[in-house]
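Q: Generate a structure from the sequence data that follows.
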Amino acid sequence: MRGLPAQPRARPKTTSVAHWDDSPGPRGRGIKVALIRAFNARGMHRVYGRGDIFPLDGRRTYKRNMDVWLTHEGRLLARFWALGSEVDNESYEITGFSKRPVTEKKGKLSEDWVPQTLRDEYDAWLISNSETPLSAQGL
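A: Numbering: from 1, shown residues only. The predicted structure is shown next:
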(Lines give C-alpha, C1' and ligand atoms only; values in the text may rest on other atoms or scores of the structure.)
Protein backbone atom coordinates (compact mmCIF):
# COMPACT_ATOMS: atom_id res chain seq x y z
CA MET A 1 0.00 0.00 0.00
CA ARG A 2 1.41 3.34 -1.04
CA GLY A 3 1.16 6.53 0.99
CA LEU A 4 -0.64 9.64 -0.10
CA PRO A 5 0.97 11.59 -2.93
CA ALA A 6 3.30 14.33 -1.78
CA GLN A 7 1.79 17.79 -1.64
CA PRO A 8 3.38 20.24 -4.05
CA ARG A 9 5.70 22.68 -2.30
CA ALA A 10 5.49 26.40 -2.83
CA ARG A 11 8.46 27.26 -4.98
CA PRO A 12 10.37 30.44 -4.46
CA LYS A 13 10.46 32.90 -7.33
CA THR A 14 13.41 32.64 -9.68
CA THR A 15 14.01 36.36 -10.20
CA SER A 16 14.23 39.33 -7.88
CA VAL A 17 11.02 41.00 -8.98
CA ALA A 18 7.60 40.48 -7.45
CA HIS A 19 4.92 38.41 -9.11
CA TRP A 20 1.71 40.42 -9.34
CA ASP A 21 -1.70 39.00 -10.20
CA ASP A 22 -2.86 39.44 -13.77
CA SER A 23 -4.73 42.65 -13.06
CA PRO A 24 -2.56 45.72 -13.63
CA GLY A 25 -2.36 48.28 -10.86
CA PRO A 26 -4.30 51.53 -11.07
CA ARG A 27 -2.58 54.17 -13.16
CA GLY A 28 -3.17 57.84 -13.38
CA ARG A 29 -1.29 61.07 -13.61
CA GLY A 30 -2.35 62.00 -10.12
CA ILE A 31 -1.22 58.80 -8.39
CA LYS A 32 2.24 59.42 -6.96
CA VAL A 33 4.58 57.71 -4.56
CA ALA A 34 7.06 59.93 -2.76
CA LEU A 35 10.06 58.70 -0.81
CA ILE A 36 9.71 59.75 2.84
CA ARG A 37 11.67 59.29 6.05
CA ALA A 38 11.17 56.09 8.01
CA PHE A 39 7.99 56.22 10.06
CA ASN A 40 6.72 54.64 13.24
CA ALA A 41 3.55 52.68 12.48
CA ARG A 42 2.36 52.68 16.09
CA GLY A 43 -1.33 53.57 16.13
CA MET A 44 -1.71 53.10 12.37
CA HIS A 45 -3.67 50.34 10.71
CA ARG A 46 -2.04 47.89 8.33
CA VAL A 47 -4.26 47.68 5.26
CA TYR A 48 -2.06 45.71 2.87
CA GLY A 49 0.95 43.46 3.16
CA ARG A 50 2.94 41.03 1.09
CA GLY A 51 6.06 38.94 1.49
CA ASP A 52 8.07 37.66 -1.44
CA ILE A 53 10.46 34.72 -1.13
CA PHE A 54 13.37 34.35 -3.56
CA PRO A 55 15.92 31.56 -4.01
CA LEU A 56 19.46 32.22 -2.89
CA ASP A 57 20.99 28.89 -3.78
CA GLY A 58 19.75 25.33 -3.88
CA ARG A 59 18.78 25.28 -0.22
CA ARG A 60 18.39 28.81 1.08
CA THR A 61 15.95 31.60 0.34
CA TYR A 62 15.55 35.22 1.32
CA LYS A 63 12.42 37.25 1.94
CA ARG A 64 11.44 40.84 1.18
CA ASN A 65 8.28 42.58 2.38
CA MET A 66 5.96 45.48 1.65
CA ASP A 67 3.37 46.83 4.09
CA VAL A 68 0.92 49.68 3.59
CA TRP A 69 -0.45 51.58 6.58
CA LEU A 70 -3.41 53.92 7.01
CA THR A 71 -2.72 56.86 9.34
CA HIS A 72 -5.28 58.56 11.57
CA GLU A 73 -5.33 61.45 9.08
CA GLY A 74 -6.13 59.11 6.19
CA ARG A 75 -2.67 59.07 4.58
CA LEU A 76 -1.38 55.86 3.01
CA LEU A 77 2.24 55.04 3.86
CA ALA A 78 4.22 52.11 2.45
CA ARG A 79 7.30 50.44 3.86
CA PHE A 80 9.66 48.06 2.05
CA TRP A 81 11.65 45.97 4.52
CA ALA A 82 13.44 42.75 5.39
CA LEU A 83 14.54 41.10 8.62
CA GLY A 84 17.91 39.62 9.33
CA SER A 85 19.89 41.07 6.47
CA GLU A 86 21.55 44.27 5.49
CA VAL A 87 18.83 45.90 3.44
CA ASP A 88 18.06 49.53 2.76
CA ASN A 89 14.51 49.79 4.10
CA GLU A 90 12.48 52.44 2.30
CA SER A 91 9.26 54.30 3.07
CA TYR A 92 6.82 56.05 0.74
CA GLU A 93 3.66 58.09 0.87
CA ILE A 94 1.01 57.23 -1.73
CA THR A 95 -1.09 60.16 -2.93
CA GLY A 96 -3.35 61.16 -5.79
CA PHE A 97 -6.24 58.71 -5.64
CA SER A 98 -9.47 60.34 -6.79
CA LYS A 99 -11.18 58.24 -4.11
CA ARG A 100 -9.24 56.81 -1.20
CA PRO A 101 -9.04 53.01 -1.51
CA VAL A 102 -9.72 52.52 2.20
CA THR A 103 -11.10 54.86 4.83
CA GLU A 104 -11.80 52.77 7.90
CA LYS A 105 -9.69 51.00 10.47
CA LYS A 106 -10.87 47.51 9.64
CA GLY A 107 -10.57 47.89 5.88
CA LYS A 108 -8.13 45.64 4.07
CA LEU A 109 -6.93 46.10 0.52
CA SER A 110 -6.37 43.43 -2.10
CA GLU A 111 -3.47 43.36 -4.54
CA ASP A 112 -5.45 44.90 -7.39
CA TRP A 113 -5.55 48.33 -5.69
CA VAL A 114 -1.70 48.63 -5.56
CA PRO A 115 -0.87 51.44 -7.99
CA GLN A 116 1.55 50.70 -10.79
CA THR A 117 3.95 53.37 -9.55
CA LEU A 118 4.23 51.64 -6.16
CA ARG A 119 4.69 48.27 -7.89
CA ASP A 120 7.50 49.74 -9.98
CA GLU A 121 9.21 51.20 -6.90
CA TYR A 122 8.92 47.88 -5.07
CA ASP A 123 10.37 45.95 -8.01
CA ALA A 124 13.29 48.41 -8.27
CA TRP A 125 13.87 48.08 -4.51
CA LEU A 126 13.80 44.27 -4.77
CA ILE A 127 16.46 44.32 -7.47
CA SER A 128 18.68 46.75 -5.59
CA ASN A 129 18.34 44.71 -2.39
CA SER A 130 18.61 41.22 -3.83
CA GLU A 131 20.99 38.65 -2.44
CA THR A 132 22.45 37.81 -5.85
CA PRO A 133 24.18 40.07 -8.35
CA LEU A 134 22.17 41.21 -11.35
CA SER A 135 24.45 39.25 -13.68
CA ALA A 136 23.39 36.03 -11.93
CA GLN A 137 19.73 36.95 -12.36
CA GLY A 138 19.98 37.38 -16.10
CA LEU A 139 18.84 41.01 -15.88
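Q: how about the nearest residue to residue 128, chain neighbours excluded?
A: residue 88 (7.3 Å; Cβ to Cβ, 6 or more residues apart in numbering). In this view, the C-beta of every residue, glycine as well, is placed from N, C-alpha and C.
Q: now swap in residue 21 and tell me
A: Residue 21's closest residue in space is residue 111 (Cβ to Cβ, 6+ apart), at 5.2 Å.
Q: which regions of the chain sit below the pLDDT cut-off?
A: By pLDDT under 70, the weakly predicted segments of the chain are 1-16, 22, 84-85, 100, 102-107, 132-139.
Q: can we see that at 80?
A: Low-confidence segments of the chain (pLDDT under 80): 1-29, 56-58, 84-86, 98-110, 112, 130-139.
Q: what are the ranges of the strands in it?
A: Under the criterion DSSP state E, the chain contains strands at 32-36, 45-55, 61-70, 76-81, 90-95.
Q: Could you list the paired strands of the shortest one along with their orientation?
A: Same thing as strand 32-36. strand 90-95 (antiparallel) (DSSP bridges).
Q: Report the inter-axis angle for the strand it pairs with versus strand 61-70.
A: Put simply, strand 90-95 runs at 40 degrees to strand 61-70, going by axes from the mean of the first three to the mean of the last three Cα atoms, to 10 degrees.
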